[in-house]
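Asks: model the structure of this input:
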Amino acid sequence: MSSKKELFKYILSRLFLLPIMLWIISSLVFILLRIAPGDPVDAILGTRANEFARETLRIKLGLDKPLINQYFEYLNNLLHGDLGMSLNTQEPVKVIISKALPASIELAICAILVASIIGYSIGFLGAVKPEGKIDLFGRIFGIGTYALPPFWAAMLTQIIFAVLLGWFPIGGRYPPGMSSPPLVTGFLLFDSILNTNIHMVYGTFIHLILPSLTLGILLSGIFSRTIRLNLEEILSKDYIEAAKSRGIKESRIFLKHALPNTLLPILTITGLTASSLIGGALLIEITFSWPGIALGLQEAINQRDYPVVQGIVVIISSLVVILSIAIDIAIAYIDPRVSY
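Replies: Reported below is the predicted structural model:
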């Protein structure tokens, strides 16, 4: 049984490793960006710009300095919480991230909710009647959703529900021509509700449905297989057989004895999936023109916007590590048998 002291030591060790991990990740990104083909000056001015304009811009952006100087300047700024300025827009990277990150988190939360409802329901019903029709459907569904290419699934849902049926908009975060609600949290749906404008609420909600539903369905297969396999393993335990032999109803065995013991893997897979989605589902965001962090990262890479790429990677890495630590703490409280 893990003690509070051991858990505290584990948390401290993870927190101690956090800056080291971030330093390694940020250094790798710094190096990889600069050895990759392409030049930020070409991305901004184009390849036909004269040499004087190119050199002037290079000096202005600080790209004329030796790489080692750029590296230490970057680390120094990072230690002081300065993520730098975008090479293309001259906008602070913090501002760019603060605009894009809430969109990705909003999409991730809705997708996780969809995946949990669909996936865990199918997995649970399949475990209740193994080898039945629902169980067979769940297995095919799990394999199918896991194997579907995200961009293909996104385009397919767009064609069916947006183009042919016209039920949902094809992309974007809110209707064109409608101004976004006053930003309080950055989550448009929540901000629209706070603004008490029914048209804004409907507009943002209807744009959120299709991308979150697509991403949720793609993830739900993993969730259904997780709960199905874990329930199958738990139902084969001796204490379950003993409960059956005492004449306890199967529904009570499922709800009181089997299902609570699946909370640990459910929490783990849900937490890890959520942390991976914080970085954004790149192909989903691109297909639905969702202005999230993944789409911003892809655009910054194409434009060789070093500060934006580095800032996004550092922020996302920090959030993923923090979420992982939070999941470990929650697991330790749910199951005290977990040792560190």
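
Asks: contacts, neighbours, all on C-alpha from now
Replies: Fine.

Asks: quick check: closest non-adjacent residue to L125.
Replies: Spatial nearest neighbour of L125, chain neighbours left out: I134 (6.7 Å); criterion: Cα to Cα, 6 or more residues apart in numbering.

Asks: tell me which helix or strand the one you found sits in.
Replies: Per DSSP states H and E, I134 falls inside helix 133-147.

Asks: next one: V314
Replies: Assigned by DSSP H and E, V314 belongs to helix 306-334.

Asks: what mean pLDDT does that helix have?
Replies: The average pLDDT for helix 306-334 rounds to 79.

Asks: isn't there a strand covering R14?
Replies: No - secondary structure of R14 (DSSP: H, G, I helix; E, B strand; the rest coil): helix, not part of a strand.

Asks: sorry, back to before: tell me what the helix holding V314 is packed against?
Replies: Packing partners of helix 306-334 (3 or more Cα pairs under 8 Å, 6 or more residues apart in numbering; DSSP states H and E): helix 4-35, helix 93-128, helix 263-278, helix 293-302.

Asks: remind me what the longest one packs against, helices and strands.
Replies: For helix 93-128, the contact count by 3+ Cα pairs under 8 Å, 6+ apart identifies helix 133-147, helix 198-235, helix 263-278, helix 293-302, helix 306-334 as packing neighbours.

Asks: what does whichever helix or strand comes after the third one contact?
Replies: Stepping forward along the backbone from helix 263-278, the first helix or strand reached (DSSP H and E) is helix 282-287. The set of residues external to helix 282-287 that reach it, using Cα atoms under 8 Å, 6 or more residues apart in numbering, is 150-151, 154-155, 171, 211, 215, 290-292, 294-295, 298.

Asks: same thing but 6 Å
Replies: Contact with helix 282-287 is made by F151, A294, L295, as judged by Cα atoms under 6 Å, 6 or more residues apart in numbering.

Asks: now do stretch 162-181
Replies: Contacts with stretch 162-181, where a contact means Cα under 6 Å, 6+ apart, come from Q158, F161, S192, G203, T204, H207, F288, S289, W290.
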